[in-house]
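**Q** Take a look and give me a structure for this.
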Amino acid sequence: MTSSGTPAREPGAGPFEPTPSSATAIFGERIGLAEKYAALLAGDGVLRGLIGPREADRIWTRHLLNCAVIAELFQPNCRVVDVGSGAGLPGLAVAIARADLHVDLVEPLQRRVDYLIEAVDALGLASQVRVVRGRAEDLVAEVGGADWVCARAVAPLDRLVRWCLPLLADTGRLALMKGAGAVDELEKHRPALRRAGAGPVSVRTCGADLIEPPVTVVTVDAPVTRRGNG
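**A** I've put the predicted structure just below:
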């Protein structure tokens, strides 16, 4: 810890964005844990190449807050799979914001898996968060049956849906973080989503009362043939 109470970082990672006031509204009593994760991202995350060197001064606004707000989509005590987790975004941010969730961080690259394991341990989240190495399409037996599958900046919508749909429970949903072009991307890939068997699709915003701009999320239901009459 520094003298001001901010978690210490590895040297040489550049300026570190102060904790914004909106972070307390999002993380509640776990704000200290969120600050510790922010320090990990801005320090070791940058030094190990998981976060760009220019990202340290916007860890909260560009990464932590806009990832954490998608937790408002998730029902209590559900299981969430974060595909292509990288540095733990959005999965670790969601887990910190919602202590009731069970989160699997799926990541194929070993160096990122190593970082995630260390981060989960450092944050004391081992009972809530599991790190699984591999590609989503190869892990149906291990992480399938999820209530929600989320992803951020992993792949175009058509590929993401094809990889992630098999991981859902019969009533599960995908929460795919997309930018301002979400509607155009959805229209471009809508035929591919139908071919993949996707259920109803919608574009939603998260964090409208907490961050500016709010986050755009494409939600995709599990295939209708698996959802029965529900």
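
**Q** CA atoms for contacts and neighbours, from now on please.
**A** Fine.

**Q** Run through the helices of the protein in chain order.
**A** Assigned by DSSP state H, the chain shows helices spanning 22-27, 31-40, 46-47, 65-68, 91-97, 110-123, 140-143, 157-164, 182-195, 224-227.

**Q** OK, contacts around Ile31?
**A** Counting by C-alpha atoms under 8 Å, 6 or more residues apart in numbering, Ile31 touches 23-24.

**Q** And it, how close does it get to Arg135?
**A** Separation of Ile31 from Arg135 (C-alpha to C-alpha, to the nearest Å): 31 Å.

**Q** try Lys36
**A** Taking C-alpha to C-alpha, one finds Lys36 at 28 Å from Arg135.

**Q** And the two? Which one has more around it.
**A** Lys36 (19 against 15; other C-alpha atoms under 10 Å).

**Q** That one is in contact with Leu123, isn't it?
**A** Yes: between Lys36 and Leu123 there is a contact under C-alpha atoms under 8 Å: 7.4 Å.

**Q** lowest-confidence stretch among the helices of the chain?
**A** Lowest mean pLDDT within these: helix 224-227, at a mean of 65.

**Q** quick one: the closest residue to Pro200 other than its chain neighbours and Leu123, what's the gap?
**A** Closest residue to Pro200 apart from its sequence neighbours, by C-alpha to C-alpha, 6 or more residues apart in numbering: Asp221 at 5.4 Å. For Asp221, the distance to Leu123 equals 32 Å [C-alpha to C-alpha].

**Q** before we move on, what about Val69?
**A** Counting by C-alpha to C-alpha, the gap from Val69 to Leu123 is 19 Å.

**Q** returning to that earlier point: what sits against the residue nearest to Pro200?
**A** Applying C-alpha under 8 Å, 6+ apart, the residues contacting Asp221 are 171-174, 198-201.

**Q** Next: Ser202.
**A** 218-220.

**Q** For Pro11, give me the pLDDT.
**A** Reported pLDDT for Pro11: 40.

**Q** What of the one 4 residues further on?
**A** The predicted structure scores Pro15 at 50 on the pLDDT scale.

**Q** By residue count, which strand of the chain is the longest?
**A** Longest strand of the chain, by residue count under DSSP state E: strand 168-178.

**Q** tell me the angle of that one relative to helix 182-195?
**A** Strand 168-178 runs at 150 degrees relative to helix 182-195, counting by axes from the mean of the first three to the mean of the last three C-alpha atoms, to 10 degrees.

**Q** For Leu50, see how far away the most centrally placed residue in the chain is.
**A** Nearest to the mean C-alpha position of the chain, by C-alpha atoms, centre = their mean, lies Pro90 at 1.7 Å. Noted for Pro90: a distance of 13 Å to Leu50, by C-alpha to C-alpha.

**Q** picking that back up, kindly reformat the contacts of Ser202 as JSON lines containing pLDDT, distance to Ala25 and neighbour count.
**A** Below are the contacts of Ser202 laid out as JSON lines (pLDDT from 0 to 100; distance: C-alpha to C-alpha, whole Å; neighbours: other C-alpha atoms under 10 Å):
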{"residue": "Val218", "pLDDT": "96", "distance to Ala25": "24", "neighbour count": "22"}
{"residue": "Thr219", "pLDDT": "97", "distance to Ala25": "24", "neighbour count": "21"}
{"residue": "Val220", "pLDDT": "97", "distance to Ala25": "28", "neighbour count": "23"}
